[in-house]
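Chemist: Fold the following.
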Amino acid sequence: MSNVVDFPTVERDVSEREVNDRHAEAFRDLEGKISDCTIMAIIAVQMAEPFINTRDDEAERALFAVCHVYEMLKKLSADYQAAFTASSGQGHEAPAPSGQEAKPPASRRSRKAA
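Modeler: Model (predicted):
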C-alpha cells in the first residue's frame, strides 16, 4: 500500500545546546511532580499512624510500605533539590518546601516487645 501524501522530511542536526535545553526543561518540570508525591506520602504516613501498634500482619506490611515510600520520596526530593542547586550555581541547599517537615513515626512497638 502506498502513502497518499508524502510529507517532506527536514533533516537537521540537533545541537548540543538544544539537547541540553530540553533536558534542563524536563529536569525543572519534575519539581512539582516530586513535591506532589512527597506531600501525598506525608498524608499517607499521617493516615497510617493510628495503625502503628496493631498486631495485624497486613497492617504492619502496609505501614512499612507507606513509611518506606515516604523515606524514598524524601530522599528523591532532597537529591533533586541538591542537583538543582548545584546546576544553578547557587552554592547552598534550597530549603524543603513547606509542608514537608512532617516525619513518619520514629519508632514502632515490635511484636516481640509486646
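
Chemist: now for the lowest-mean-pLDDT helix or strand in the chain, which elements pack on it?
Modeler: Sorted by mean pLDDT, DSSP states H and E, the helices and strands of the chain end with helix 57-88, the least confident at a mean of 87. Packing partners of helix 57-88 (3 or more CB pairs under 8 Å, 6 or more residues apart in numbering; DSSP states H and E): helix 16-48. C-beta here means a position set from N, CA and C on the backbone, and glycine is covered the same way.

Chemist: Mind telling me what element Glu11 is part of?
Modeler: Of the helices and strands defined by DSSP states H and E, none includes Glu11.

Chemist: List the contacts of the residue most central in space within the chain.
Modeler: Nearest to the geometric centre of the chain sits Ile34, at 3.7 Å (CA atoms, centre = their mean). Residues near Ile34 by CB atoms under 8 Å, 6 or more residues apart in numbering: 73, 76-77, 80.

Chemist: Please check these and keep the buried ones.
Modeler: Among the contacts of Ile34, the ones that count as buried by 16 or more other CB atoms under 10 Å are 73, 77, 80.

Chemist: what residues are up against the first one?
Modeler: Neighbour list for Leu73: 34, 37-38, 41 [criterion: CB under 8 Å, 6+ apart].

Chemist: go with 10 Å
Modeler: Applying CB atoms under 10 Å, 6 or more residues apart in numbering, one finds that Leu73 lies in contact with 34-42, 100.

Chemist: remind me which residues of this structure are low pLDDT?
Modeler: Judged by pLDDT under 70, the chain has its weakly predicted residues at 1-3, 10, 88-114.

Chemist: Great, nothing more from me.
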